[in-house]
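Model the structure of this input:
(4 chains, ligands or ions: 2)
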Amino acid sequence: MKAKVTISFKPGVLDPQGRAISHALAGLGFEGVGDVRQGKVIELDLAETDAAKAREQVEAMCQALLANPVIETYAIELAK
Amino acid sequence: MKAKVTISFKPGVLDPQGRAISHALAGLGFEGVGDVRQGKVIELDLAETDAAKAREQVEAMCQALLANPVIETYAIELAK
Amino acid sequence: MSKTVPYAEGIDANVVRDHGLSESEYETVLSIMGRAPNLLELGIFSVMWSEHCSYKSSKKWLKTLPTQAPWVVHGPGENAGVIDIGDDLVAVFKMESHNHPSYIEPYQGAATGVGGILRDVFTMGARPVANLNALRFGAPEDPNTRHLVSGVVSGIGGYGNCVGVPCVGGEVNFHPGYNGNILVNAMTVGVAKRDRIFLSAAAGVGNPVVYVGSRTGRDGIHGATMASTEFNEGSEEKRPTVQVGDPFTEKLLIEACLELMATDAIVSIQDMGAAGLTSSSFEMASKGGLGVVLDLERVPMREDGMNPYELMLSESQERMLMVLKPGREDLARSIFEKWELEFAIIGHLTDTGRMELRWHGETVGDLPIDPLAQASPEYDRPWQPTVPARPASMAGVDSITWQEALLKLLSSPDGASRRWIWEQYDYLVGGNTMQRPGGDAAVVRLEDAPSKALAMTADCTPRYVEADPVMGGRQAVAEVWRNLTAVGAVPLAITDNMNFGNPEKPRIMGQFVGACQGIRDACLALDFPVVSGNVSLYNETNNQAIPPTPAIGGVGIVSCDKVVDLAFKAEGQPVLLLGAPEGAEGHWLDCSLYLREIVGREAGPPPVVDLAHERRVGDLVRALISEGVVTACHDLSDGGLLMGLADMALAGNMGVRIHLEGTPSAFALFGEDQGRYVLTVANEAEATAVIERAVATGVSVRKLGITGGTELMVNGEEGPTVAALREAHEGWLPAYMGA
Amino acid sequence: MKTAILLFPGTNREQDIIKAVTVAGGKRPSVVWHRDTALPEGTDLVVVAGGYSYGDYLRPGAMAARSPVLNAVRTFAADGGCVLGVCNGFQILTEAGILPGALVRNRGLQFICRDVNLVVGTEKSPFTGGYRKGQKIRLPVAHQDGNYTADAETLKRLEDEDRIAFRYADANGVVSDETCLNGSLRSIAGVLSENRRVLGLMPHPENSIEAGFGGTDGLPLFKSLLETLS
Ligand SMILES: Nc1ncnc2c1ncn2[C@@H]1O[C@H](COP(=O)(O)OP(=O)(O)O)[C@@H](O)[C@H]1O
Ligand SMILES: [Mg+2]
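Ligands and ions are numbered 1, 2, ... in the order given. Below you'll find the model as predicted:
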């Protein structure tokens, strides 16, 4: 089973990279670009085949390693 | 309109961060974790309200800056 | 003052308490204001009178530190200390802590710590030329330690490397006493032209007050204040957040500020550090004896819906406040716009002596500046002197061979190489690094006076301070002085970072008072004034205070052609020991690294620092180095003589053979007697000359042996090879970090 | 030799390059701002300095590679001009498509600052003429994203055309995947363009030009440029 974890900064946390991207896009002539936020996406191949158990496992991985709860939030998607 | 760009390494390109995560997860006792890949997700606030035009614009941004075609691929999602 | 209405609308005793103000402090607020303060004003009192900004527990004792010398240009009181280094140049430096934030979020906490101290230095017009860091972590076995080390180190590197300031030195200890409270102290050294120093005192009624740098977000607004009723119903977005560092913006800010400083546009300038806009505007106005009006809606904001309270209390990073000369606004604006930074005129100076805060034209806060600053609390907290530790039992000291003991010490957490850490720091950028991390002091050549260099180091031995704060404080300063001396530099001045537990406990306050006394003694005896510093108190978790840790950072000056390092240079060079006690190479094992790591006993009083002896030996060593007779030099500290020799062997990749009088004992080999240096000289004739000089100066000296071979030999007994020493020394940290 | 150094927001090793060029005996380089659209008249050598640009946000070199001055550099290189990209400069040149391949995060993920052993891959270029092929030299590195990657076809071409300027090696000059400090494919530390007049490398020759300040193994690179271009 495959899992996809999307990790982003919590709202309100400064995202210097996002800001710099927004700036650079404006510099390249793209108009109408407002806020830009950059996050991470982590794709995992899991041996687990049961969706509920897989989610539980990935949830535990996020808590233990993948996300930094002080400044980040995460979302988990599962796919076959 | 909001756009979300997911950028990942092309298959075949070695992903040091993904590999390190897979390693660390094993070290933490998570079992059955196979390949892990880490990518980026960039969320953009666009002034454009037309979906087709927005997609075209984001496509151009990816080509121009957001992705490095030598090593990366990208996928675009739009949302209200 | 109206006793009947002690609270403004929406405020009660809980809100006051959540703002960290005691009842009596609130009484003083009422009398200063002549009315009940509103929430914005209360927030301002709260941060201005916080321990962090007011130094209320420590002020009384900090005042006792020596701060004067002919070469001191600005001592404590400015953003950083300033000393004259000749050639019309000054060195500007300071150390600052970011302990608590680094425990919560090690990467960002450490990164923003580096950002903050860099700003303190370039605010004064100096280009930062070097960073150092003094770190303390919990026991290696503690489940959090690895993660904290990894985060803090990559945060320091991530910020400093990006800004492009070489990180050339520092120190690291591991001890269970820091399990719940790590220490992250960062130091920056900058260089400026003597006549181009910028200060923070505002001047010129009517002059514009200008905000530059990043936008303001809801970063780091004090948690307790946010929990007050006013802010409780806020959405997720209103929650206070951890500060994230933006080193790219910092780099732009450095370049933009230095570019503007080359013009005549700036009257005064102040970084926005802790308590952001509040303390920076207060400090500028207060030092200038003026008032200030701020139109807060003009502050560049990162988020929608921010209010005056948040704007005044935000700790968003990479921001500065300046007073400009009238008519120079456009020049300044063009520079900041070129560097793609925010620039906003947010107010002007007045002669009212008041801080008037406006929000879309309406006055929302109005406070008297001087009374607030002057009434800032100063406590004479009760303190209890530390009872110096009794001599430790020496049972079991000889239970292990010196060979085994040496390898064990070299691979112990506090004895192991820090390479894994400093290789994550760019210590080369700038092309002026003469001595890299790993030696006694780092040496960085002066871009504008290339025949000279600054030497710098940071040190403290907390186990000594814990056992005897006075002696420990003295030792920290002496060790800094010694490290600078060992590379040939003339020590000039220090900055201190006083990390302690809860000052409301007389025992902890006693540690603080003792350390101040020890620092004072050493500064006076060594002509080594304190020019800047920082205090971090309340480093406690569950009633468990950290070991008292007055980290000392020192700066000295040296001619590039006189610099020596600790590496053995060539086979067959005589090895000399200077400054050893009467009748032995060393004898003080109490409180030593050996006693703790080998015997498992953390006990006994620290070695005595005899300041007259310290000075006599150091002055001789420095003279010998400057005369060019010394080929390598190293001062002895943790682990004593044998650890010192091992360091020299490792650096030179060469063995050494020494002979002690009598059988080698742990006391002689690992004792931590103070004020000792090991030197090598080119040949026997030089050795004889040095011995004569030492005898004539009243400095004890003995010839220990000779360099050469591939191993360390003591009295003919074979010791570990240099390769074995290296494996022990280099192995521990990478293995621990799982690298 | 007229040298132009590019300056992007956040560039932090331009002074090191200026020092290296002058210590090697060259004229003081001029500094070109990222928004400039032309190089100074008569430029012989363009240096894209190391350090960081735009904080290395998004990808190292990504934003600098899209700045106006890079168009001028692209034309300059196409016309046979000499371009040296060090560290971040190498990343910028690959991002701009002036050199092949890409530089990703180091294998161990960490920033690495240390002296490394390199083997000179070719002496046939204006940059490497002062070394011998196979010579072992020692230069410092200071980077977090120096892990060179390219597709198999590109790698083959680089090797077939003798365009690998430097490779990471161990203390004995042996090149191997295991000892390669950052995971670079074929231990590549620096590559040349097809016309051999553009060099990108991760190590810092500019931080190895003076005894007592990191050695002198970087000096021949600057001397060789001076000889060729003066
Ligand atoms: N322990 C200390 N010893 C000497 N000076 C100190 C000490 N702690 C603070 N200072 C001085 O007090 C002033 C204010 O310090 P601080 O509030 O930390 O500065 P900033 O507001 O720039 O962060 C500075 O000049 C600093 O050098
Ligand atoms: Mg300051």
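
count of residues packed around residue 8?
Since you didn't name a chain, this refers to chain A. 21 (other C-beta atoms under 10 Å in any protein chain shown). Any C-beta I mention is one placed from the backbone N, CA and C, and that applies to glycine too.

You answered for a different chain; I wanted chain C.
17.

cool, the one 10 residues further on as well?
Taking other C-beta under 10 Å as the neighbour definition, residue C:18 ends up with a count of 19.

got it, and the one 5 residues further on?
Using other C-beta under 10 Å, residue C:23 is surrounded by 9 other residues.

Need the phi and psi values for it.
As for residue C:23, its main-chain torsions (degrees, to the nearest 10) stand at phi -60, psi -40.

again with the one 4 residues further on
For residue C:27, the backbone dihedrals are phi -60, psi -40 (criterion: degrees, to the nearest 10).

Tell me who's in contact with it.
Counting by C-beta atoms under 8 Å, 6 or more residues apart in numbering or on different chains, residue C:27 makes contact with nothing.

right, and the helix or strand after the host helix or strand of residue C:91?
Residue C:91 belongs to strand C:89-97 when elements are defined using DSSP states H and E. Helices and strands here follow DSSP H and E; after strand C:89-97, the next one along the chain is helix C:99-104.

can you list the residues that contact that next one?
By C-beta under 8 Å, 6+ apart, helix C:99-104 touches A:70, C:108-110, C:112-113, C:148, C:151-152, C:155, C:180-185, C:220, C:242-243, C:499, C:536, C:539.

filter these to the buried ones?
Burial by neighbour count, judged by 16 or more other C-beta atoms under 10 Å in any protein chain shown, picks out C:108-110, C:112-113, C:148, C:151-152, C:155, C:180-185, C:220, C:242-243, C:499, C:536, C:539 from those.

Kindly provide the distance from the residue lying closest to residue D:64 once chain neighbours are set aside to ligand 2.
In this structure, residue D:64 finds its nearest non-sequential neighbour in residue D:53, 4.0 Å apart by C-beta to C-beta, 6 or more residues apart in numbering or on different chains. Per C-beta to the ion, to the nearest Å, residue D:53 is found 28 Å from ligand 2.

how many neighbours does residue D:53 have?
30.

Please apply the same query to residue C:724.
Quick note: residue C:724 (other C-beta under 10 Å) scores 17 neighbours.

Check the one 5 residues further on too.
By other C-beta under 10 Å, the residues close to residue C:729 number 22.

hang on, isn't it packed against residue C:410?
Yes: if you go by C-beta atoms under 8 Å, residue C:729 and residue C:410 touch, sitting 4.4 Å apart.

thinking again about what came up before, just the buried ones among the contacts of helix C:99-104: which are in strands?
If you go by DSSP state E, the buried ones among the contacts of helix C:99-104 have C:183-185, C:499, C:536 in strands.

okay, the residues you listed in a markdown table with distance to residue C:634 and pLDDT next?
Listed next are those as a markdown table, based on distance: C-beta to C-beta, whole Å; pLDDT from 0 to 100:
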| residue | distance to residue C:634 | pLDDT |
| --- | --- | --- |
| C:183 | 26 | 98 |
| C:184 | 27 | 98 |
| C:185 | 24 | 98 |
| C:499 | 27 | 98 |
| C:536 | 31 | 94 |
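
Which of those residues lies at the shortest distance from chain B?
Using C-beta to the nearest C-beta, residue C:184 comes nearest to chain B of those, at 23.5 Å.

So the closest one is in contact with residue C:111, correct?
No: assessed by C-beta under 8 Å, residue C:184 is found out of contact with residue C:111, at 10.0 Å.

Common neighbours of these two, please.
residue C:156.

Which members of the buried ones among the contacts of helix C:99-104 are positioned in helices?
Judged by DSSP state H, helices contain the following of these: C:108-110, C:112-113, C:148, C:151-152, C:155.

dump the residue contacts of the closest residue to residue C:712 other than its chain neighbours.
Once flanking residues are discounted, residue C:712 sits nearest to residue C:719: 4.0 Å by C-beta to C-beta, 6+ apart. By C-beta under 8 Å, 6+ apart, residue C:719 lies in contact with C:402-403, C:406, C:711-713.
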